[in-house]
Structures are given as C-alpha cells and as structure tokens.
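Trainee: Let's see this in three dimensions:
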Amino acid sequence: MPPTQPPRTALITGASRGIGAEIARAVAATGAHTILAARSQSGCDEVAARIHGSGGHARTYALDVTDRASVAALAGELESGIDWLINNAGIAESGPLLARPGCEEEHEELFRRHHEVNFHGSRALTEAFVFGMRTRRYGRVVNVASSAALYGQAYIAAYGSSKFALLGYTLCAADELDGSGVTFNAVCPHYVDSPMLEAAVTRLVEKTGRTEEQARAFFRSQNPGGRIVTQEEVAASVVELLLGGENGMVVELDGSPMPRPRHPNENRTES
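Mentor: Model prediction:
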C-alpha cells in the first residue's frame with residue numbers, strides 16, 4: 001500500500017492483541033505513524049516490534065480507557081494532536097437479561113463495566129482529540145462496534161446495549177460535525193477469529209458441555225456468511241474508512257464475500 005501523504009498520526013486503542021493489533025499493523029502499512037495504546041503496554045510493545053521489523057513507525061502507551069486521568073495524561077503526551085482515532089478497546093461477556101436472586105450487584109456491575117469500556121471509554125478518547133481535529137479541519141474517527149449494535153441477541157444485553165450506544169454516538173457525531181473535515185464511521189463485525197471469540201468458545205463449552213469443535217461450528221453458523229470473519233478483513237475495512245472521505249458509514253462484516261456498507265443517516269426523515 002502506498003504511504004499516506006502527508007504521513008498521518010494514528011491512535012489505536014486495545015492494540016495489544018487481537019483485532020486491535022491487526023488494525024495497528026494495517027494502519028502502519030499505510031505509512032502512518034501509529035500510537036498503540038492498551039492496558040498492557042508490554043503487549044503493545046510486542047506489536048510495535050513487529051511493525052518496526054516491517055519498516056513501520058510505532059510507539060506505545062499504557063492506557064485504561066475507563067480512567068479519565070489516564071486518558072487526559074495520554075492527550076497531554078500527544079499535545080500536537082492526532083489525525084486518525086480508532087476506538088477499538090472493548091470487552092464482551094454474556095449474562096441473562098434479568099438478575100438472578102442474590103446476584104443483583106454482580107448484574108449491575110456487568111452492565112456498568114461494559115458501558116464504561118465499550119461506550120464511555122471511546123467517548124472520552126473522542127472528546128480528548130476531536131476538538132484538535134476540528135480546529136485543523138481534518139480527522140478520521142473509526143469506532144469498532146459490533147453486529148450486536150445492529151441486531152438484538154439473547155444473553156448479551158450488557159454488551160449489545162453498550163455497542164448500540166457506541167454506534168448511535170458515531171452517527172450523531174457524524175451528523176453534528178458534517179462538513180468540518182472530521183468524519184465518523186463504524187465497523188460492525190460479526191464473530192471474528194480473535195482472543196475474544198476464543199473466550200466465548202471456552203464459555204460455551206463450559207456452560208453447555210459441547211465439544212470445542214461444536215462450539216466453533218455454532219459461532220460459524222451465527223454469521224450470515226457461514227464462516228468466521230478474519231481480523232485482516234476488519235482491519236482492511238478500518239483502513240478504507242481512514243483513507244476515504246465517507247462520513248456516517250456503517251460497515252457490517254458478516255462472513256460474506258464482501259462487506260455490507262450502509263448510511264443510516266441518509267435514510268432518516270427530518271422531524
């Protein structure tokens with residue numbers, strides 16, 4: 001891929017492993033100067049070493065997106081600003097819609113934790129950096145949401161509602177800052193070959209007694225395309241949104257041969 005002109009500075013959260021690490025490598029391949037942030041800086045350092053080995057640019061920071069002081073400290077370190085923000089940090093746990101008797105506090109914590117990481121963490125990063133983007137009249141924000149932001153599913157109300165919130169925030173921001181030079185888009189992958197899926201497979205085996213292969217077959221069957229989405233596919237869609245000028249685009253990745261882009265804001269009726 002030819003280098004971006006001029007070289008862009010990109011911040012990727014949750015970049016220590018999985019989808020975030022693959023996004024970081026793909027973004028670095030554009031010639032961008034990548035900033036890898038996650039709670040595990042050592043994990044980011046390993047990803048950065050591979051980027052350096054491929055001739056790319058990367059530096060790393062420890063970041064807890066739920067800690068406003070941590071976010072403010074990173075923004076202070078990057079006072080010259082960034083061009084691209086990829087909000088990828090996230091968690092995914094399952095649980096029933098209603099609290100079991102005696103588990104009310106645990107149930108409340110499940111919802112609070114998902115919304116703090118998946119929604120409020122991304123919102124905090126956006127607010128920390130988008131003002132500078134708007135001042136410079138250029139910026140790209142890509143939020144890694146989920147198919148759970150598009151379709152309801154049993155036993156993931158905490159996760160799904162947090163991703164619904166993130167997607168709604170993305171579309172509101174795209175509309176409010178339309179014409180500013182700053183674009184907001186989202187990718188919504190179904191099940192992806194990642195550490196998060198491995199954890200889901202393990203949980204399904206433990207809870208249902210299925211074999212590991214049966215659990216994997218179940219998750220494959222849940223993707224409309226009949227296969228698990230690859231990390232590379234997610235990263236490629238993110239890069240395409242960073243390099244383009246689309247605003248308010250939602251790209252669904254469901255295992256089909258081609259991504260499914262949509263523009264929800266274009267279909268609305270003005271009140």
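Trainee: hang on, Ser54 packs against Ala29?
Mentor: Yes: using Cβ atoms under 8 Å, Ser54 is in contact with Ala29, at 7.4 Å. From N, CA and C alone the C-beta is placed, and that goes for glycine too.
Trainee: neighbour count winner among those two?
Mentor: Ala29 (17 against 11; other Cβ atoms under 10 Å).
Trainee: What confidence value was assigned to the more buried one?
Mentor: Looking at Ala29, its pLDDT is 98.
Trainee: doesn't His57 make contact with it?
Mentor: No: contact between Ala29 and His57 fails when scored by Cβ under 8 Å: they sit 10.8 Å apart.
Trainee: Name the next helix or strand downstream of the helix ranked longest in the chain, please.
Mentor: Of all the segments of type helix in the chain, defined by DSSP state H, the longest one is helix 157-176. As assigned by DSSP states H and E, the chain's next helix or strand after helix 157-176 is strand 182-189.
Trainee: any residues touching the very next helix or strand once past that following strand, and which ones?
Mentor: Toward the C-terminus, strand 182-189 is succeeded by helix 195-208 as the next helix or strand (DSSP H and E). Outside helix 195-208, the residues within contact range by Cβ atoms under 8 Å, 6 or more residues apart in numbering are 17-19, 92, 94, 191, 210-212, 215-216, 218-219, 228.
Trainee: got a list of what Val141 touches?
Mentor: Residues counted as contacts of Val141 (Cβ under 8 Å, 6+ apart) are 84-87, 126, 130, 133, 170, 173, 182-185.
Trainee: Go again with 6 Å.
Mentor: By Cβ atoms under 6 Å, 6 or more residues apart in numbering, the residues touching Val141 are 85, 184.
Trainee: Over to the one 4 residues further on?
Mentor: Under the criterion of Cβ under 6 Å, 6+ apart, the contact partners of Ala145 comprise 163, 166-167, 186, 188.
Trainee: got the residues you listed as JSON lines, with neighbour count and pLDDT columns?
Mentor: Shown next, in JSON lines, are the contacts of Ala145 (neighbours: other Cβ atoms under 10 Å; pLDDT from 0 to 100):
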{"residue": "Lys163", "neighbour count": "27", "pLDDT": "98"}
{"residue": "Leu166", "neighbour count": "25", "pLDDT": "99"}
{"residue": "Leu167", "neighbour count": "21", "pLDDT": "98"}
{"residue": "Ala186", "neighbour count": "30", "pLDDT": "98"}
{"residue": "Cys188", "neighbour count": "26", "pLDDT": "98"}
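Trainee: Check these against Glu232 and report the nearest one.
Mentor: Set against Glu232, the nearest of the contacts of Ala145 by Cβ to Cβ is Cys188 (16.7 Å).
Trainee: tell me which residues form a beta bridge with that closest one?
Mentor: Glu252 (DSSP bridges).
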